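In: Sequence isn't available, so here's the structure alone:
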């Protein structure tokens, strides 16, 4: 299985989302984290399965939460570049990917 790493921006995204959900209801942040971990597990097992977008990036949706994980991969690793709320402007996601 490939190593998985986060860019600093993607890690910040994930932490901010977890904190926001936890502020809404105790335990909801942990539920978000579990959904994120499940998505990351799917990505590590089958990175080719993510929906291709602006090459070389792919994306996978979280279950139950309106977030997508944007990543790129090679034979040794998966790099998570963005953890993105789907209600936000998709152009801002593409801008962040291109700035990566």
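Out: That came in fine, so what should we check first? Fair warning: this is a prediction, and the values are worked out from it, not measured in the lab.
In: Contacts only, for the most centrally placed residue in the chain.
Out: With distances taken as CA atoms, centre = their mean, residue 69 lies nearest the centre of the chain, 2.2 Å away. Each residue near residue 69 by CB atoms under 8 Å, 6 or more residues apart in numbering is listed here: 36, 39-40, 43, 59-60, 62, 80, 82-84. From N, CA and C alone the C-beta is placed, and that goes for glycine too.
In: Take these and keep only those in strands.
Out: Among those, the members found in strands (DSSP state E) are 59-60, 80, 82-84.
In: Which of the residues you listed ranks first by neighbour count?
Out: Neighbour count (other CB atoms under 10 Å) singles out residue 83 as the most crowded of these, with 26 neighbours.
In: coming back round to it: how about the backbone phi and psi for the residue nearest to the centre of the chain?
Out: phi -100, psi 120 (degrees, to the nearest 10).
In: Which pLDDT value does the model give it?
Out: Per-residue pLDDT puts residue 69 at 98.
In: again with residue 32
Out: Reported pLDDT for residue 32: 98.
In: Likewise for residue 9?
Out: In this model, residue 9 carries a pLDDT of 96.
In: any idea how far the residue of the chain positioned farthest from its centre lies from residue 63?
Out: The C-alpha centroid of the chain is most remote from residue 26, which lies 22.2 Å away (CA atoms, centre = their mean). Look at residue 26 and residue 63: by CB to CB, to the nearest Å, they are 21 Å apart.
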